[in-house]
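K.L.:
here are the coordinates; sequence isn't available:
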Ligand code: CA
């Protein structure tokens, strides 16, 4: 039975979500205070965390960031604010998905099942394949796949999991355009409700990290379509 931590200070909402989750046979723990919620998240084992954004003592973004420094527990942010910036900053602080209040409980349950399923798949993959250090070379980048570290010359670049997945998806499809939708599907999963402009934000993060100041970006924007990376010696397609 999956054990879910609910950190939410609106007591009626917390209780409602708890009852619905219990009805679905999840084990639940509710905490109304941000700082105590963080303590629980760090010191006990949960299969997923439902995390409110605005909380007394410590806000949800800070909780997500601190949990993510030491744990991979999936986090779904529950936010009343529906702006792209809030959603992106939630994701960037380590949340795996978000849901905007007020939400239908069925939607929350579906998102929860999706993150739990993803974790189970990742666990299976990592136990089936011994972690092998593989090195991928792309133009002047050298990528260590086991620890997601990229080298360009003597510069070492640390990528987040999403930035790494974005880069590797583009490299797997090198010399071809990958659409924003394909990237969303691949990196956030087909069941996420994340909008394609989040992809643009992550491409920007990735460019800031990997691009050299004195040369064009590794990642070309193909207007209206998506993105591509091209090998240095690939033939340049004819302009049309
Ligand atoms: Ca709140």
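P.N.:
Perfect, I can see it now. The shown structure was predicted, so the numbers you read here are calculated from the model rather than taken from an experiment.

K.L.:
Which positions in this structure make contact with the ion?
P.N.:
Residues of the chain found near the ion (Cβ under 5 Å from the ion) are 9, 52, 54. All C-beta atoms are positioned from the backbone trio N, CA, C, and that covers glycine.

K.L.:
beta partners of the second one?
P.N.:
Going back to what we said before, that points to residue 52. Taking DSSP bridges as the rule, residue 52 bridges to residue 78.

K.L.:
what's the next secondary structure element after the least confident helix or strand in the chain by mean pLDDT?
P.N.:
Lowest on mean pLDDT, DSSP states H and E among the helices and strands of the chain sits helix 84-92, with a mean of 72. For helix 84-92, the succeeding helix or strand toward the C-terminus, using DSSP states H and E, is strand 97-100.

K.L.:
For the helix or strand that that following strand is followed by, which residues meet the burial criterion?
P.N.:
Sequence-wise, the next helix or strand downstream of strand 97-100 (DSSP H and E) is helix 105-128. Along helix 105-128, these residues count as buried under the neighbour rule (16 or more other Cβ atoms under 10 Å): 108, 109, 111, 112, 114, 115, 116, 118, 119.

K.L.:
Return the closest of those residues with respect to residue 228.
P.N.:
residue 118 (26.4 Å; Cβ to Cβ).

K.L.:
All the helices of this protein, in order from the start?
P.N.:
Along the chain, counting by DSSP state H, helices occupy 11-23, 34-43, 60-70, 84-92, 105-128, 161-172, 180-188, 197-210.

K.L.:
List the contacts of residue 66.
P.N.:
With contact taken as Cβ atoms under 8 Å, 6 or more residues apart in numbering, residue 66 is in contact with 38, 42.

K.L.:
Any regions of this protein where pLDDT drops low?
P.N.:
81-86, 122-133, 235-240 (pLDDT under 70).

K.L.:
Could you chop it up by domain?
P.N.:
According to the TED database, the chain comprises the domains 3-126, 135-229.

K.L.:
what's the span of the shortest one, first residue to last?
P.N.:
Yep, that's domain 135-229 we're talking about. 18 Å (Cα to Cα, to the nearest Å).

K.L.:
how much space between the residue nearest in space to the middle of the chain and the ion?
P.N.:
The residue lying closest to the centre of the chain (Cα atoms, centre = their mean) is residue 96, at 4.7 Å. Distance, residue 96 to the ion, by Cβ to the ion, to the nearest Å: 19 Å.

K.L.:
Which phi and psi values does that residue adopt?
P.N.:
Residue 96 adopts backbone torsions of phi -90, psi -30, taken as degrees, to the nearest 10.

K.L.:
Skipping adjacent residues, who's closest to it in space?
P.N.:
residue 74 (4.6 Å; Cβ to Cβ, 6 or more residues apart in numbering).

K.L.:
Now that neighbour, what are its backbone angles?
P.N.:
Main-chain torsions, residue 74, degrees, to the nearest 10: phi -60, psi 140.

K.L.:
Renumber starting at 40 from here on
P.N.:
Fine by me, first position is 40 from now on; the one you just mentioned is residue 113.

K.L.:
The residue lying closest to residue 57 once chain neighbours are set aside and residue 89, how far apart?
P.N.:
Distances taken as Cβ to Cβ, 6+ apart place residue 67 nearest to residue 57, at 4.8 Å, with adjacent residues excluded. From residue 67 across to residue 89, the span is 9 Å (Cβ to Cβ, to the nearest Å).

K.L.:
residues bridging contact with these two, i.e. touching both?
P.N.:
43, 44, 45.

K.L.:
I'd like the distance between the first one and residue 90.
P.N.:
Okay, so that is residue 43. 11 Å.
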